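Engineer: Compute the structure for the input listed below.
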Amino acid sequence: MGGRWRGYWWADTCLRRIMKLLVIRHAIAEDRETFAQTGEEDALRPLTKAGRRKMRRVAKGIQQLVPDLTVLATSPYTRAVQTGQIVASRYSGLQTVHIPQLTPRKTVQALLQWIQTQPPDATVALVGHEPHLGVFVSWMMTGLQESFVVLKKGGVCLLEITGEVKAGRAKLHWLMKPSQLRRLA
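Structural biologist: A predicted model of the protein is given here:
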């Protein structure tokens, strides 16, 4: 009985895949009010010079903790795309995509549906905005659409999901401020 049971346990464990979600808030962008005076849409607001410089060091720290990524998805907003480009530059040949599901007004369900199209053992990086990301991370861990996770600009967390990828199934592996990630670089 013991040997047979152990065989089932081993097979079940090997068949379950672990998806990793690396959730990244965009780096420091131009001031919203100042940029609004240009007459341009907020979606076009870029990173500041300091934001780009700090994010390059954050990206080095991320790579120390997560050496391989399957895909990197960003919001199509300029500040998220620029943040994603900085992170992607640390990974050779990384596939990057811009998805509307990461924009602030999209639902967390829409983002989850996109994630569910990825391989079950993928490591997916998501670059987006608050409060959307905080709500998403909280929902993935608890099933509640209330944000209790604070991601600073350039902040990152890693979620792991074993088995079916759905709300309430994720475990928080780590959550770090940008200053902590820069120290790892």
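Engineer: List the residues that contact the closest residue to residue 75 other than its chain neighbours.
Structural biologist: Leaving aside its chain neighbours, residue 75 sits nearest to residue 102 (3.8 Å; criterion: Cβ to Cβ, 6 or more residues apart in numbering). In this view, the C-beta of every residue, glycine as well, is placed from N, C-alpha and C. Listed by Cβ atoms under 8 Å, 6 or more residues apart in numbering, the contact partners of residue 102 are 73, 74, 75, 76, 80, 111, 126, 127, 128, 129, 132.
Engineer: The first one pairs with what?
Structural biologist: Beta-bridge pairing for residue 73 (DSSP bridges): residue 97, residue 126.
Engineer: And it, how close does it get to residue 115?
Structural biologist: Going from residue 73 to residue 115 by Cβ to Cβ, to the nearest Å gives 9 Å.
Engineer: Model confidence score at the residue nearest to residue 75, please.
Structural biologist: Among the per-residue scores, residue 102 holds a pLDDT of 98.
Engineer: got it, and the one 4 residues further on?
Structural biologist: Per-residue pLDDT puts residue 106 at 96.
Engineer: The one 4 residues further on now?
Structural biologist: The predicted structure scores residue 110 at 98 on the pLDDT scale.
Engineer: circling back: common neighbours of residue 73 and residue 115, please.
Structural biologist: Common contacts of residue 73 and residue 115, defined by Cβ under 8 Å, 6+ apart, comprise 124, 126.
Engineer: And for residue 30, nearest residue in space, chain neighbours not counted?
Structural biologist: Nearest to residue 30 is residue 45, by Cβ to Cβ, 6+ apart, at 5.2 Å.
Engineer: Name the residues of the longest helix belonging to the chain that are buried.
Structural biologist: In the chain, taking DSSP state H as the definition, the longest helix is helix 49-65. For helix 49-65, a neighbour-count test (16 or more other Cβ atoms under 10 Å) marks 51, 52, 54, 55, 56, 57, 58, 59, 61, 62, 63 as buried.
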